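Undergrad: model the structure of this input:
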Amino acid sequence: MDLKNHRHSRKRQKILEELKKTKVHPTAEGVYQRLRKDIPRLSLGTVYRNLNLLCEQGVIQKIGLDFPSDHFDGDTSPHHHFICTSCRAIFDLDFNPKEDLSKKVEKKTGFSVEGFRMCFHGLCDKCKKKVK
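TA: Next up, the predicted model:
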């Protein structure tokens, strides 16, 4: 990992590795809880600072939706999300919309679209089964 104007940090590397290996889109608190056993001197403030730095550098992405806390995603490839309205789990969706929405928005508004993310809301399979 080569971040502009920032020296290598073992803690930052571990935070990034944790985000890259998980699919649960944790909060800063979640990352902290997962790593504090392996890195006893890790503070929650360090996790927040490093997550924000990694976001600024485009290494990870922040999922700031209808949650009180931001969630983070180690996958920066273009993809969309599904949020369960019951358990609040966030799932990656790997598909492209049939219409090119970017072109549609550009044509209608005159804006220059650089990207977009879609977020679907509903019940995940586990929560659907609980309702039945």
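
Undergrad: rest of the way, CA atoms for contacts and neighbours
TA: Noted.

Undergrad: name the nearest residue to residue 70, ignoring sequence neighbours.
TA: Setting aside the residues directly before and after it, residue 70 is nearest to residue 64 in space (C-alpha to C-alpha, 6 or more residues apart in numbering), at 4.7 Å.

Undergrad: and what of residue 114?
TA: Excluding its sequence neighbours, the residue lying closest to residue 114 (C-alpha to C-alpha, 6+ apart) is residue 102, at 8.0 Å.

Undergrad: before we move on, what about residue 118?
TA: The nearest residue in space to residue 118 (C-alpha to C-alpha, 6+ apart) is residue 80, at 5.1 Å.

Undergrad: check residue 69 too.
TA: residue 27 (6.5 Å).

Undergrad: could you do residue 62 as well?
TA: Leaving out its chain neighbours, the residue that sits closest to residue 62 by C-alpha to C-alpha, 6+ apart is residue 72, at 4.6 Å.

Undergrad: right, and that neighbour touches residue 59 too?
TA: No - the criterion here is C-alpha atoms under 8 Å, and residue 72 misses it with residue 59 at 10.8 Å.

Undergrad: so those two - more neighbours on which side?
TA: Shown here are residue 72 and residue 59; by other C-alpha atoms under 10 Å, residue 72 has more neighbours (23 against 17).

Undergrad: quick check: that one is in a helix.
TA: No - with DSSP: H, G, I helix; E, B strand; the rest coil as the criterion, residue 72 is strand rather than part of a helix.

Undergrad: surely the residue nearest to residue 70 meets residue 73?
TA: No - here residue 64 lies out of contact with residue 73, judged by C-alpha under 8 Å, at a distance of 10.6 Å.
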